[in-house]
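S.K.: sequence unknown, structure follows:
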């Protein structure tokens with residue numbers, strides 16, 4: 001499907017892609033707020049940092065494969081594989097109830113996010129005109145954010161009222177729905193190749209797309225804050241005596257939804273880099289508020305600022321990467337960016353968990369150290385970013 005033949009991207013294919021993205025993100029995010037307590041109940045409190053880190057590790061490892069396959073066998077098979085993995089793993093959590101079994105499932109669960117979003121962004125780039133990329137990334141990012149908001153809220157409610165096992169099964173069912181929606185979509189990659197084992201042979205060129213190094217470095221630095229929030233906020237909520245551990249996630253996701261489309265349009269008009277600078281400063285401010293103002297009021301303000309910043313950051317990084325990439329290597333470019341994202345999230349989860357060490361007196365130092373990486377992203381953009389896309 002050629003971009004220059006497309007006059008509008010708001011068609012059936014686009015909205016099916018959005019709906020599938022919403023369901024997919026709701027599925028695996030449904031588990032996040034409850035997992036720290038869950039692994040503690042299994043006797044693995046000291047492994048909290050691995051809940052996110054091992055998930056993102058496997059996602060990062062799978063990116064070169066998903067990127068290469070998206071550019072060869074098609075976007076659709078890559079998306080379907082990711083959603084099916086998410087569906088299958090949900091059923092296994094209630095069966096493998098040891099710490100080792102749980103961490104093993106988290107590892108394989110990460111493969112789902114290594115495949116589905118890579119295929120999604122490549123597919124989206126195929127059907128969207130170049131002057132609408134920021135807007136389109138904002139819209140589909142908004143749908144993913146809705147899933148990220150609905151997932152934790154629904155997951156916490158289900159766990160509290162129906163138990164952890166029902167929550168795991170529900171997560172699996174939602175992932176299945178995201179697969180069913182994909183079946184009604186058309187492939188956009190021309191000249192597809194049949195699947196063969198030789199396509200699973202990965203070289204350095206399949207891992208690294210040099211044209212997208214700037215957005216990738218920026219994503220790595222800013223994603224550290226996201227890994228920090230994912231692993232620390234449930235415990236920090238308890239420290240502030242906030243009963244709903246999904247509150248921060250719900251607030252920041254809603255605020256990110258409100259800004260995504262506007263931020264995408266702004267980057268289409270004024271350039272990606274200026275919007276990303278604002279996002280980096282916002283992430284720095286959000287974590288700094290958590291460090292120096294440990295109250296419920298500033299907790300909520302921080303969540304709002306964090307959401308606005310994430311809503312400006314992620315869609316415009318992807319739009320910038322698509323701008324810089326070659327059309328025939330778009331899957332590889334997205335894989336490179338996503339590897340940086342996974343490194344940042346996983347690194348943030350491990351670093352924050354290590355600094356926190358399950359001691360409330362360490363919250364301030366931990367948040368400040370992690371916020372410094374977002375400020376480093378701002379400095380990086382200040383030094384290297386172009387004035388235009």
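M.R.: Okay, I see it. Since the structure is predicted, the reported quantities are computational estimates derived from the model, not experimental observations.
S.K.: in stretch 343-359, what counts as buried?
M.R.: 343-353, 355-356 (16 or more other C-beta atoms under 10 Å). C-beta here means a position set from N, CA and C on the backbone, and glycine is covered the same way.
S.K.: where does the stretch 251-389 of the chain dip in pLDDT?
M.R.: By pLDDT under 70, the low-scoring segments of the stretch 251-389 of the chain are 385-389.
S.K.: helices of that one, start to end?
M.R.: Secondary structure of the stretch 251-389 of the chain by DSSP state H, counting those that start in this stretch: the helices cover 272-292, 296-324, 330-356, 363-384.
S.K.: report all helices and strands that the last one contacts.
M.R.: Meaning helix 363-384. Judged by 3 or more C-beta pairs under 8 Å, 6 or more residues apart in numbering; DSSP states H and E, helix 363-384 is in contact with helix 213-239, helix 272-292, helix 330-356.
S.K.: that older thread, which among the helices of the stretch 251-389 of the chain is found nearest to residue 98?
M.R.: helix 330-356 (20.3 Å; C-beta to C-beta).
S.K.: ok, residue 74 - contacts?
M.R.: 187, 189, 192 (C-beta atoms under 8 Å, 6 or more residues apart in numbering).
S.K.: return the residues in contact with the first one.
M.R.: The contact partners of residue 187, taken as C-beta under 8 Å, 6+ apart, are 74-76.
S.K.: again with the second one
M.R.: Contacts for residue 189 were tallied using C-beta under 8 Å, 6+ apart; they are 70-71, 74-75, 126.
S.K.: possible to save the helices and strands packed on helix 363-384 as a markdown table with distance to residue 163?
M.R.: Shown next, in a markdown table, are the helices and strands packed on helix 363-384 (distance: least, C-beta to C-beta, whole Å):
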| stretch | distance to residue 163 |
| --- | --- |
| helix 213-239 | 18 |
| helix 272-292 | 31 |
| helix 330-356 | 26 |
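S.K.: please identify which of those helices is closest to residue 165.
M.R.: Using C-beta to C-beta, the nearest of those to residue 165 is helix 213-239, at 19.6 Å.
S.K.: what angle do the closest one and helix 296-324 make?
M.R.: For helix 213-239 against helix 296-324, the angle by axes from the mean of the first three to the mean of the last three C-alpha atoms, to 10 degrees is 160 degrees.
S.K.: for helix 213-239, which residues meet the burial criterion?
M.R.: Per 16+ other C-beta under 10 Å, helix 213-239 contains these buried residues: 213-237.
S.K.: what of stretch 264-278?
M.R.: Applying 16+ other C-beta under 10 Å to stretch 264-278 flags 264, 266-268, 271-278 as buried.
S.K.: and what of stretch 87-101?
M.R.: Buried, per 16+ other C-beta under 10 Å, within stretch 87-101: 87, 89-90, 92-93, 99.
S.K.: over to stretch 11-31?
M.R.: Going by 16+ other C-beta under 10 Å, stretch 11-31 has these buried residues: 13-14, 16-31.
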